[in-house]
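**Q** sequence below, structure please.
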Amino acid sequence: MPTQDPHDPLLLDSRLSELSRAQQWAEKLADRLGLNQKTRYAIRLCLEEALANIILHGYRSEAGHPIVVRSWLSGQALFLAIDDQAPAFDPAQSPQQADASDPATLESLEPGGYGIRLLRHFAESLAYERLPNGNRITMSFPGRPG
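**A** Residues are numbered from 1 along each chain as shown. Okay, the predicted model is just below:
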């Protein structure tokens, strides 16, 4: 993991109410870097989707479990890494990846099941790493003003 220009990590508890703290942290980071609205939107969406998936599916909505979000710049990219201690979950092996077809109509669209596809669409890169005690999802975004 590159360590160029590290920022303060964000320590969260596994509660959906923590999503607002994560959004505020992301906005301050975007302000500090002077990021445009398109990149800010991508960061907020991906951060919320990833954290909600960890809380709802990894921790099964049980509070009291740690989640750590870190950011750093490398070259022209901003990286966000989210560490958790939930059971192993590799997004590349998700059933969502097996059925990546779009719904035929808006009416046939089922709620849920699009989080990983959203991450892949809005982040420039998405990587999974199994840690000794959990998981790490790393996403990248344009890290310079534009």
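
**Q** now name the helix or strand holding Arg120.
**A** helix 115-122 (DSSP states H and E).

**Q** hang on, I meant Ser140
**A** Per DSSP H and E: strand 134-142 holds Ser140.

**Q** which strands or helices does that strand pack on?
**A** helix 37-53, strand 77-84, strand 125-131 (3 or more Cβ pairs under 8 Å, 6 or more residues apart in numbering; DSSP states H and E). Backbone N, C-alpha and C define where each C-beta goes, glycine included.

**Q** now it, how far from the centre of its chain.
**A** Centroid displacement of strand 134-142 relative to its chain, using Cα atoms, centre = their mean, to the nearest Å, is 6 Å.

**Q** make 448 the first number, not 1, from now on.
**A** Taking 448 as the first residue, the last one we looked at is strand 581-589.

**Q** and the helix or strand containing Lys475, average pLDDT?
**A** Using DSSP H and E, the secondary-structure element containing Lys475 is helix 466-480. The average pLDDT within helix 466-480 is 95.

**Q** tilt between it and helix 484-500?
**A** 150 degrees (axes from the mean of the first three to the mean of the last three Cα atoms, to 10 degrees).

**Q** His504 and Phe536 touch, don't they?
**A** Yes: using Cβ atoms under 8 Å, His504 makes contact with Phe536 at a distance of 7.2 Å.

**Q** picking that back up, and the helix holding Lys475, what does it pack onto?
**A** strand 457-460, helix 484-500, strand 513-521.
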